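1. Return a 3D structure for these sequence lines:
(chains A and B)
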Amino acid sequence: MKTMKKYDKLVKNALGRIVPTEINGNDAVAYRGIGKYKPTGRKYAPPIVSCADYPADGNKTLPTLKEALIRAGLKDGMTISTHHHFRNGDLIAEQIFDIAHELGVKDLMWFPSASFECHSPLVKYLEDGTIHHIEGSMNGSLGRFTSDGKMTGLGVLRSHGGRYQAVQDGDVHIDIAVIAAPTADAFGNATGDRGPAACGLLGFALADSQYADKVVVVTDNIVPFPCIPWQIHGNNVDYVVVMDKIGIPEKIVSGTTEITKSPDRLLLAEMSAQFCDEAGIIRDGFSFQAGAGGTALSIGVYFADILRERGMKARFARGGSNKYLVNMLEEGLTDYILDGQTFDLEGVRSMRENPHHINTSPFTSYNYHGKGNFASMVDVAILGATEVDVNFNANVVTHSDGVLLHGIGGWQNCLFSKCTILPIPLFRDRIPVVIDEVTTICGPGELIDVIVTERGIAINPLRIDLIEKMKNSTLPIKTIQELKAEAEAICGVPEKIAFEDEIVAVVKWVDGTVIDSVRKIKK
Amino acid sequence: MEINNIESIGNKGKGVRSDCFVSLEITEADGIHIELVSKVKVLYGKSIVKLIEEILSFFEIKHAKVVLEDSGALPFLIAARMEAAIKLLVKTDKSFLLPMLAQNNYQTTKERNRYSRLYLPGNTSSLMINAGIHKPDGIILDLEDAVAPDKKYESSFVVRNALRNLDFYGCERMVRINQVPRGLDDLDFIVPHNVNLILIPKCEKAEEIHLVNKKIDEISARYTLYNSIWLMPIIESALGVMHAMEIATAAKNVVAMAIGLEDYTADLGAKRTAEATESFFARCTIVNACRAAGIQAIDSVFSDVADMESLKQNVLKSKALGFDGMGCIHPRQIKVVHENFAPDAAEIIKAKKIVKAFMHAQEKGLGVVSLGTKMIDAPVVKRAEKTIEVAVSLGKISKNWRDEDNEKI
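-> Next up, the predicted model:
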């Protein structure tokens, strides 16, 4: 049994938040400000291997996942990574821990790129000690379990880019990576763009394939060598396991991939698009990233309308791709889709067929400890938030009742775009969204430029250029304090949520520093 | 307190948002017991309990059990639900009113634009909260067909409190009452709370207008109210159509008359079709009566909320017949209705020419206004002025359009 403390050595970080600098027995650095923390040294490297130890005929298949995990040396205290390409249709993560439980292995760290409701059954393994803690995201019941203070170790939340950084820098050492691949060959080359469980790309597994000690590819669609395209290189893979079924297709490509029908959200989308237009952001050759939510998708549709009307086109659109982006690509309204995650079957098809639909990874798009990344080159990013405060700080992981419910995704990374816009309702069913101080800071206000609500638009005072451009706008431009006051006039002034002192999880910033702590819910 | 009973009011369950469900039991002893089940308990639990206590105390209830199942209802709605439950158990003449929002104290003019009026079910507060931000000309809190018969009682409290505490963002504050005579009882809930316009459904004769006005006068005298209350009768039957002129001219505060095609076609025994040939006579009759009476003619609603292109065609047809506006049943319809009722570019150019010619004639002291070789009558000038006014209000042209046009020359 591990006996170390969940966390220790609390300090106040640059945002005034109390955070631990020792987490699950490892040292951590408190957030220092944007671009302030610059680690030295060399990147982490996996062990040197020899191909003499691998089958010369390239056949690395093993009959079962259990055998692969045993051969990979599964034992107490290891870190096991999985990925969320299958979203809520993942069938692999649970099986890994079923096997670990059966073998009596304890204190594992689960390192998913994101968790979904389908991972709720893992609660039993958190309870019985098979899993010590989760680093990645804690959604739904896993979040509630964490917020109740029941997880043995401290939860760590990272962005997609932060996950790549953590693996590359050696903050997280992956013992065994299990990569579920919709199509693979016996050598371990793998792709996500075809096969019964097609999900598009496998970018979230890139770091794991490069840096883990052992890499297992699991597929339900084995093809003769070579598997083309090889999104994952077999040269990084130890074992290949063939199964009947690795994912539930209808849950892989579902989710929020329809534009919204809600009149209130459509209004938000319309206002956001008009803002971008009036601020001069939409021009020939611009670029944008819109998330997968219904509002963000609708903004993309408005962008397309504007581009079409003026005979202009975008240079690239960052995905999450979906049928709306694919339509834009095929209609010639954007030169490229730089895709990080494929949200529907149209996206998968386009990625497979269209050479202008490009497969990207957190390394190219988001990694903060690289020689640049794509996120900061995007003209406008449209993102969501559960809360925003009067300093423009925003929260995406906890709800207004303080419970951990969502992961960060690529959200933190996208904040580096040239203009970050959060279209959010001023309140949701009496829950104010614009408030005095966010429960958890996931993104510092200085990176958040515009808050669009149905009752007014607030521009970050740091963006004097945008304020100047919108001076004569017909849009309702207000201050963030005015928006907060308006929310309170309608909903009432909310009471402060009471938390226990105990910290149950931390939120990492894109550079690996600790930006905030999540505390235990008071019963 | 001799009554010992349990009553419940409101909505709960899957899909219910911004609403609440109250179960109230008046007890003999033991004081007040409040159980709150709410998704916003950590944020507003204390203030909700305080509000419930305040309401019970206002109605002098000392012993009761209250269970409030809340899905994020705003205080005005909780108060409406509580009062409706209390009044089923306790006889009282009092009303629990939260302070009226200051920004709701405005009057509307007889001639204002009434292109769009958004219907909202009177018992569904989740749809009311954001209605004003979609900027319809009028918001209708509906007590009639959009409320199920067993919910009519409780909806009057919701509509009354909404008139006071829901921000209408400057939209004309309208209520559709039930058909007269039942609708006369609705007036007690709305007349004292600054309703701007009342829609009178299934109106068939002038007498109904007189009854409504008589009751409005009584209530206004009791509360010493001064704001005008406009009326918009809705014609929904063959008989109503035959009495269109009598209804349109029944009273000075009738500012508009609408047609309701669903009921009208049913009354005719005809099928309602997309071409609407079956209602052509009725629509023409209504428009003609309204023009003769000098009031606005308002068309029915378009019921396919997903089909914006057909809505547009419908609006253009409606405008061509002479209607001044139509009903909306979804916020997304508002923009389409406004854009297509509004004067188009050609209409604006023509109106500008006429107004300029008129002003030119005035400046020169000419008795006759002419444009080219054509003489222009006074009503034509008036209509052109109205078109310009609307174009300015919709931002289609600047307020200083005349100066700007001159600069360009």
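2. Look up how far A:Val348 lies from the spatially closest residue to A:Gly161 that is not a sequence neighbour.
-> Here the nearest residue to A:Gly161 in space, its sequence neighbours aside, is A:Tyr366; by CB to CB, 6 or more residues apart in numbering or on different chains that works out to 2.7 Å. For every residue, glycine as well, the C-beta is placed using N, CA and C. A:Tyr366 sits at a distance of 21 Å from A:Val348 (criterion: CB to CB, to the nearest Å).
3. So what's the residue count around A:Val390?
-> 18 (other CB atoms under 10 Å in any protein chain shown).
4. Not counting sequence-adjacent ones, nearest residue to it?
-> Nearest non-adjacent residue to A:Val390 (CB to CB, 6+ apart): A:Ile480, at 5.1 Å.
5. List the residues that contact residue 140.
-> This is for chain A. A:115-117, A:120, A:405 (CB atoms under 8 Å, 6 or more residues apart in numbering or on different chains).
6. other chain: chain B
-> Taking CB under 8 Å, 6+ apart, one finds B:117-120, B:174-176, B:199, B:327 in contact with B:Ile140.
7. follow-up on the earlier one: from A:Ile382, how far off is the residue nearest to A:Val390?
-> 18 Å.
8. Chain B contacts on chain A?
-> Within chain A, the positions near chain B by CB under 8 Å from any CB of the partner chain are A:263-264, A:266-267, A:400-402, A:428-432, A:454-455, A:474, A:490-492, A:494-495, A:497-498.
9. Show me these that map onto strands.
-> A:428, A:431-432 (DSSP state E).
10. Of all pairs in the contacts of B:Ile140, which one is the farthest apart?
-> B:Val175 and B:Gly327 (14.0 Å; CB to CB).
11. between those two, which one's more packed in?
-> B:Val175 (29 against 25).
12. correct me, but the more buried one touches B:Val159?
-> Yes. Between B:Val175 and B:Val159 there is a contact at 6.1 Å, judged by CB atoms under 8 Å.
13. Would you mind listing the residues touching both of these two?
-> In contact with both B:Val175 and B:Val159: B:122, B:141, B:143, B:190, using CB under 8 Å, 6+ apart.
14. How much space separates the closest residue to A:Asn391 other than its chain neighbours from B:Lys94?
-> Leaving aside its chain neighbours, A:Asn391 sits nearest to A:Gly445 (4.3 Å; criterion: CB to CB, 6+ apart). Distance, A:Gly445 to B:Lys94, using CB to CB: 48 Å.
15. who has more neighbours, these two?
-> The neighbour count for A:Gly445 versus B:Lys94, taken as other CB under 10 Å, is higher for A:Gly445 (20 against 12).
16. Spit out the contact partners of the more buried one.
-> A:389, A:391-394, A:460.
17. Could you dump those residues into a markdown table and include pLDDT?
-> Converted to a markdown table, the contacts of A:Gly445 look like this (pLDDT from 0 to 100):
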| residue | pLDDT |
| --- | --- |
| A:Asp389 | 96 |
| A:Asn391 | 97 |
| A:Phe392 | 98 |
| A:Asn393 | 98 |
| A:Ala394 | 97 |
| A:Asn460 | 98 |
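18. out of those, who's nearest chain B?
-> A:Asp389 (14.9 Å; CB to the nearest CB).
19. Would you mind naming what in the stretch 101-250 of chain B lies close to chain A?
-> Near chain A, when you scan the stretch 101-250 of chain B using CB under 8 Å from any CB, you find B:126, B:129-130, B:133-134, B:167.
20. switch the cut-off to 6 Å
-> B:130, B:133 (CB under 6 Å from any CB of the partner chain).
21. Can you show me the strands along the stretch 101-250 of chain B?
-> Along the stretch 101-250 of chain B, counting by DSSP state E, counting those that start in this stretch, strands occupy B:116-121, B:138-142, B:172-176, B:197-200, B:230-235.
22. Next, the closest residue to chain A within chain B: secondary structure please.
-> Of the residues in chain B, the one nearest chain A is B:Gly72, at a distance of 3.1 Å by CB to the nearest CB. Using DSSP: H, G, I helix; E, B strand; the rest coil, the secondary structure recorded for B:Gly72 is coil.
23. where does the closest residue to B:Ser279 other than its chain neighbours land on pLDDT?
-> Nearest residue to B:Ser279, sequence neighbours excluded (CB to CB, 6+ apart): B:Leu261, at 5.3 Å. pLDDT for B:Leu261: 93.
24. Number of residues surrounding B:Leu261?
-> 22.
25. Would you list the phi and psi of it?
-> phi -80, psi -30 (degrees, to the nearest 10).
26. how far away is it from A:Val390?
-> Taking CB to CB, one finds B:Leu261 at 50 Å from A:Val390.
27. sorry, back to before: any chance of the shared contacts of B:Val175 and B:Val159 in TSV, plus neighbour count?
-> Shown next, in TSV, are those (neighbours: other CB atoms under 10 Å in any protein chain shown):
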residue	neighbour count
B:Gly122	29
B:Leu141	30
B:Leu143	27
B:Ile190	24
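28. Adding pLDDT, write those out as JSON lines.
-> Below are the shared contacts of B:Val175 and B:Val159 laid out as JSON lines (pLDDT from 0 to 100):
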{"residue": "B:Gly122", "pLDDT": "96"}
{"residue": "B:Leu141", "pLDDT": "98"}
{"residue": "B:Leu143", "pLDDT": "97"}
{"residue": "B:Ile190", "pLDDT": "97"}
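29. So which of the residues you listed are in helices?
-> B:Ile190 (DSSP state H).
30. Put the alpha carbons of stretch A:312-322 into PDB.
-> Output in PDB follows, covering the C-alpha atoms of stretch A:312-322 (Å, rounded to 0.1, in the frame of the first residue of the first chain):
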ATOM      1  CA  MET A 312     -14.500  34.700 -48.800                       C
ATOM      2  CA  LYS A 313     -13.100  31.600 -47.200                       C
ATOM      3  CA  ALA A 314     -11.200  30.600 -44.100                       C
ATOM      4  CA  ARG A 315      -7.700  29.300 -44.300                       C
ATOM      5  CA  PHE A 316      -8.400  26.600 -41.700                       C
ATOM      6  CA  ALA A 317     -10.900  25.600 -39.200                       C
ATOM      7  CA  ARG A 318      -9.800  23.700 -36.100                       C
ATOM      8  CA  GLY A 319     -11.900  20.700 -35.200                       C
ATOM      9  CA  GLY A 320     -13.500  18.800 -33.400                       C
ATOM     10  CA  SER A 321     -14.800  18.100 -36.800                       C
ATOM     11  CA  ASN A 322     -18.400  17.400 -37.600                       C
END
